[in-house]
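Peer 1: coordinates for the following, if possible.
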Amino acid sequence: MDADKLFFAVVDRGKANRLLHTAQACGAKGGTIFLGEGTMHSPLLDILGLNEVRKEILMTAVPKGISEKLYETLTREFKLHKKYKGIAFTTPFRRWSPEAHTLPALDRAEDAPWRCLMVVVDKGRGHDCMKVARAAGAGGGTIIHAHGAGVPKDFYFPLMVEPQKDVVMMVVSADRAEGIRNAIYTGMELAKPGAGIIFTLPVINTVGLYESNRKEGTK
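Peer 2: Numbers count the residues shown, from 1 in each chain. The predicted structure follows:
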């Protein structure tokens, strides 16, 4: 079966490898695990310095037709439907191969209820990005530590140093996504050259997100 979705899961350190094996048993293809840190918003945790939690981020391609089985299995074995157990979500994509003369049709995702915002900024600015996002209505997020590869070959310095980066990933409701994205773009001054980039992915399946429950409870 050809994969047509990209599955992400954010869990505590030490759990992603087992989660990957479970996903592969359900039919997932391959997988990559990143290290990162979660950002929990709590005044008490901020004071105690415990607002950062070490996380692992799993990314794997998922074949058509196994999403329901995958989410049911992960919910049962990892309790992702409960608070603080982690989150999982899926985004659509199109697989391409040299033998294919045309790209396969992509499922319409304009009406997806959630969006994944991805922001790439210089190392150390990820927390500033989360502050801006929270002020605009976002909840938590995950920061992945990475490095850039955009230094030109004719750079004059004899020792090539690759710039360290923070990749900020957050899942927000579709109705808030544009406002949060615009706030980040303005607040982080992403219009300036080299300041960073931001892009949005549609999210078509989720588990472990509680924003909708909070909103329903306020009505």
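Peer 1: Thr39 bridge partners, please.
Peer 2: For Thr39, the beta-bridge partners under DSSP bridges are Glu52, Gly141.
Peer 1: ok, how many other residues are close to it?
Peer 2: Per other C-beta atoms under 10 Å, the neighbour tally for Thr39 reads 24. In this view, the C-beta of every residue, glycine as well, is placed from N, C-alpha and C.
Peer 1: what do you get for Asp111?
Peer 2: 8.
Peer 1: what do you get for Phe93?
Peer 2: Phe93 has 15 neighbours, counted by other C-beta under 10 Å.
Peer 1: what sits against the residue nearest to it when sequence neighbours are not counted?
Peer 2: Of all residues not flanking Phe93 in the chain, Leu6 sits nearest, at 5.3 Å (C-beta to C-beta, 6 or more residues apart in numbering). Residues counted as contacts of Leu6 (C-beta atoms under 8 Å, 6 or more residues apart in numbering) are 59-62, 90-93.
Peer 1: next: Thr60.
Peer 2: Counted by C-beta under 8 Å, 6+ apart, Thr60 has contacts 6-7, 20, 23-24, 28-32.
Peer 1: and those as a markdown table, adding distance to Pro113, pLDDT and secondary structure?
Peer 2: Formatted as a markdown table, these follow (distance: C-beta to C-beta, whole Å; pLDDT from 0 to 100; DSSP: H, G, I helix; E, B strand; the rest coil):
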| residue | distance to Pro113 | pLDDT | secondary structure |
| --- | --- | --- | --- |
| Leu6 | 17 | 91 | strand |
| Phe7 | 17 | 93 | strand |
| Leu20 | 26 | 95 | helix |
| Ala23 | 23 | 93 | helix |
| Gln24 | 28 | 93 | helix |
| Ala28 | 23 | 89 | coil |
| Lys29 | 26 | 83 | strand |
| Gly30 | 28 | 86 | strand |
| Gly31 | 25 | 92 | strand |
| Thr32 | 26 | 94 | strand |
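Peer 1: check which helix or strand covers Lys131.
Peer 2: Using DSSP states H and E, Lys131 sits within helix 126-135.
Peer 1: how about that helix: buried residues?
Peer 2: Buried residues in helix 126-135, counted by 16 or more other C-beta atoms under 10 Å: 126-130, 132-134.
Peer 1: okay, now the domains of this structure?
Peer 2: 3-95, 114-203 (automatic domain parsing).
Peer 1: of these, which shows the lowest average pLDDT?
Peer 2: When the domains of the chain are ranked by mean pLDDT, domain 3-95 comes last with a mean of 83.
Peer 1: quick one: it to chain centroid distance?
Peer 2: In terms of C-alpha atoms, centre = their mean, to the nearest Å, the centre of domain 3-95 is found 9 Å from the chain centre.
Peer 1: can you tell me the SS state at Thr75?
Peer 2: Counting by DSSP: H, G, I helix; E, B strand; the rest coil, the backbone at Thr75 sits in helix.
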